[in-house]
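**Student:** What follows is a predicted structure for the sequence shown.
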Amino acid sequence: MTMHRMLVSAIALTMGMAIAAQAQTAPAASPAPKTIFIHAGHVIDRPGQPARGATTIVVRDGKVVELRDGFAAPDGADGNASVIDLKDRYVLPGLIDMHVHLWGIGGDPMRARLGELNRDDADDLIEAEKNMRVTLEAGFTTVRDLGGNPRGIRALRDGVEAGAVAGPTIVNAGQMISVTGGHGDGSNGLAEEYADAVHTHQINTCDGPDDCRRAVRAQISLGAQVIKFAATGGVLSNVAGGLGRQMTPEEMKAIVDTAHAFGRKATAHSHAREGTEAALEAGVDSIEHGTFLEDSTIRLFKQHNAWLVPTMIAPISALAQARGGQLPPATIAKAEAAAAAAAASHRRAFAAGVKVAFGTDTGVSRHGENAQEFALMVKAGLTPAAAIRAATIDAADLLGRKDQLGSLEPGKFADIIAVTEDPLADVTRLERVDFVMRHGVAVKVGGVRQAFPPN
């Protein structure tokens, strides 16, 4: 018998035994649906529209089932419902960050660099789990992870969904697709023996359209739900090349078309105008950073109905780190150029009505400080209401999950946060989230971390 047939026989035998065991076990009774009544004093249920006053949000089995005027007491079939008192709080949907990096040490580049040669994936997994928890407790109940260990982030994503670990819903990109020597090439700046070791395992770099199609398929095979590629150079890559376009238009088109063929959206890391415009022409769904924008770029955003994820906190953080000696010398000039241009470009895009989704590039900045992005967005011209909408309804739209996320409406997940003061009056109040619930499970109450899994 061949090894293949022996393996198939063993699997079949194991499955048969499992099925037989299930057949001998009486089915367990289904638990009664868990119902929660949230008494909310002020509710921004659909950001961008007028807020509600006193409201009871009824949550059952992890979803919102009803919003009632006033503070209703449980009765009838819901007579045993638990009640959460947020009568003096401002309640709104869980926030969505469309650009984070959960894997490994984030926001402390010197510590990350010093440990690079003696830190294993298992160590970075522990860091990532801590990063997830602090991100969730900061009020971000959904994130789009745009670059990390593909298998590790996939495991964290599935662990969150299974209720095994506390964290936000994760939409994962795996590794960023890059050309050789580009922003996502992990061998940049390494000594020969280390560069050779990286090349042995690296599957995210590609050269030419056909090879880039292969790289996209490789990330999808590892569980990627969205595809990210580096259209231009990057600030943090350890190579002295600037922020200009690195991929050819043909390579970008191959990446976007392949992602779309697999039902995935594609997003482009892009700083320079020529890289952003080529990515938009290729049909990309969103642009990360968009540091150097001109009128021609803004026209293409609107023509192609694409989104901008500005990550305004990232160049500020990177510049401080570079000037403080925490980053390699090759990054300093790039950080200065990006920080100088970003705010003006984003102000121009906001004023022109480009579609905006909230994102931070956290991992460059520290995890848990994501909400500092709101003040920068408002400073660049968005109203607090528009900035909040960018992190809720609009982010859910870009994710393709408006039916699940972004507002507090019947049928959507009970992802709910609360703050002590009105964020529409001062958006920085979102930097101090008092209550967090994800999928009907409260993980932070009164500013205090709750046991997880709940008792």
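**Tutor:** Perfect, thanks for sending it.

**Student:** average pLDDT for the helix or strand hosting Leu125?
**Tutor:** Using DSSP states H and E, the element containing Leu125 is helix 121-137. Across helix 121-137, the average pLDDT comes to 94.

**Student:** how far is that helix from where the chain is centred?
**Tutor:** 14 Å (C-alpha atoms, centre = their mean, to the nearest Å).

**Student:** ok, the helix or strand following that helix: who's next to it in the sheet?
**Tutor:** Downstream of helix 121-137, the next assigned helix or strand under DSSP H and E is strand 140-145. The strands that strand 140-145 pairs with in its sheet are strand 95-100 (parallel), strand 169-172 (parallel) (by DSSP bridges).

**Student:** Check the ones you listed for me and report the most buried one.
**Tutor:** Of all the strands paired with strand 140-145, strand 95-100 carries the top mean neighbour count, a mean of 29, counting by mean count of other C-beta atoms under 10 Å. Yep, even glycine has a C-beta here, placed from its N, CA and C like the rest.

**Student:** mind checking the SS state of the residue nearest to Ile388 when sequence neighbours are not counted?
**Tutor:** Using C-beta to C-beta, 6 or more residues apart in numbering and skipping the chain neighbours, the partner closest in space to Ile388 is Pro47 (4.7 Å). Three-state assignment for Pro47 (DSSP: H, G, I helix; E, B strand; the rest coil): coil.

**Student:** from what I can see Pro47 touches Ala395, true?
**Tutor:** No: if you go by C-beta atoms under 8 Å, Pro47 and Ala395 don't touch, sitting 10.3 Å apart.

**Student:** give the contact list for Gly148.
**Tutor:** Contact partners of Gly148, counting by C-beta atoms under 8 Å, 6 or more residues apart in numbering, are His101, Leu102, Trp103, Gly104, Ala128, Asn172, Gly174, Gln175.

**Student:** cool, and Ala268?
**Tutor:** Ala268 neighbours (C-beta under 8 Å, 6+ apart): Lys228, Phe229, Ala230, Ala231, Met252, Gly275, Thr276, Ala279, Val284, Ser286, Ile287, Glu288.

**Student:** Against Met377, how distant is the residue nearest to Ile388?
**Tutor:** Distance of Pro47 to Met377, given as C-beta to C-beta, to the nearest Å: 13 Å.

**Student:** hang on, the earlier thing: so which of the contacts of Gly148 comes closest to Asp295?
**Tutor:** Lowest distance from Asp295 to those (C-beta to C-beta) belongs to His101, with 31.6 Å.

**Student:** Kindly state the pLDDT recorded for the most centrally placed residue in the chain?
**Tutor:** For the chain, Arg144 is the residue whose C-alpha lies nearest the centre (C-alpha atoms, centre = their mean; 2.0 Å). Per-residue pLDDT puts Arg144 at 98.

**Student:** picking that back up, anything in contact with each of Pro47 and Ala395?
**Tutor:** Gly406.

**Student:** Looking at those two, which is more packed in?
**Tutor:** Ala395 (27 against 24; other C-beta atoms under 10 Å).

**Student:** Mind checking which of the contacts of Gly148 are in helices?
**Tutor:** Counted as lying in helices by DSSP state H, out of the contacts of Gly148, are Ala128.

**Student:** returning to that earlier point: ok, the residue nearest to Ile388 - contacts?
**Tutor:** Taking C-beta under 8 Å, 6+ apart as the criterion, Pro47 is in contact with Leu92, Pro93, Ala385, Ile388, Arg389, Thr392, Ile393, Gly406, Ser407.

**Student:** residues contacting the closest residue to the last one other than its chain neighbours?
**Tutor:** Beyond its immediate neighbours in the sequence, the residue positioned closest to Ser407 (C-beta to C-beta, 6+ apart) is Arg46, lying 4.6 Å away. Residues in contact with Arg46 (C-beta under 8 Å, 6+ apart) are Ile393, Ser407, Leu408, Glu409.

**Student:** What separation do you get for Arg46 and Ala395?
**Tutor:** 14 Å.

**Student:** now do Ile332
**Tutor:** 32 Å.

**Student:** same check, this time on Arg432
**Tutor:** Here the criterion is C-beta to C-beta. By it, Arg432 lies 21 Å from Ala395.

**Student:** could you measure the residue nearest to Ser407 against Phe374, distance?
**Tutor:** Where Phe374 is concerned, Arg46 sits at a distance of 18 Å (C-beta to C-beta).

**Student:** Buried residues, the longest strand belonging to the chain. List them.
**Tutor:** For the chain, the longest strand by residue count, based on DSSP state E, is strand 82-93. Neighbour-count burial for strand 82-93, counted by 16 or more other C-beta atoms under 10 Å, picks out Ile84, Leu86, Arg89, Tyr90, Val91, Leu92, Pro93.

**Student:** Contacts only, for the fifth one.
**Tutor:** I take that to be Val91. 38, 40-44, 55, 57, 408, 416-418, 435.

**Student:** Those in strands, which ones?
**Tutor:** Ile38, Ala40, Gly41, His42, Val43, Thr55, Ile57, Ile416, Ile417, Ala418, Phe435.

**Student:** Now do stretch 364-377: distance to the chain's middle.
**Tutor:** The answer for stretch 364-377 is 13 Å, by C-alpha atoms, centre = their mean.

**Student:** what do you get for stretch 60-70?
**Tutor:** 26 Å.

**Student:** which residues sit against that stretch?
**Tutor:** 33-36, 43, 45, 52-59, 408-414, 439-441.

**Student:** before we move on, the earlier item: give the other helices and strands that the helix holding Leu125 contacts.
**Tutor:** On a contact count with 3 or more C-beta pairs under 8 Å, 6 or more residues apart in numbering; DSSP states H and E, helix 121-137 meets helix 150-161, strand 435-438, strand 441-445.

**Student:** for the first one, which positions count as buried?
**Tutor:** What that stands for is helix 150-161. For helix 150-161, by 16+ other C-beta under 10 Å, it's Pro150, Gly152, Ile153, Arg154, Ala155, Leu156, Arg157, Gly159, Val160.

**Student:** Alpha carbons of that helix, in PDB - could you do that?
**Tutor:** Extracted C-alpha coordinates of helix 150-161, given in PDB (Å, rounded to 0.1, in the frame of the first residue of the first chain):
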ATOM      1  CA  PRO A 150       0.500  35.000   7.800                       C
ATOM      2  CA  ARG A 151      -0.100  31.800   9.800                       C
ATOM      3  CA  GLY A 152       0.200  33.600  13.100                       C
ATOM      4  CA  ILE A 153      -2.300  36.300  12.300                       C
ATOM      5  CA  ARG A 154      -4.600  33.800  10.800                       C
ATOM      6  CA  ALA A 155      -4.400  31.800  14.000                       C
ATOM      7  CA  LEU A 156      -5.200  34.900  16.100                       C
ATOM      8  CA  ARG A 157      -8.100  35.800  13.800                       C
ATOM      9  CA  ASP A 158      -9.600  32.300  14.200                       C
ATOM     10  CA  GLY A 159      -8.900  32.300  18.000                       C
ATOM     11  CA  VAL A 160     -10.800  35.500  18.400                       C
ATOM     12  CA  GLU A 161     -13.800  34.100  16.400                       C
END
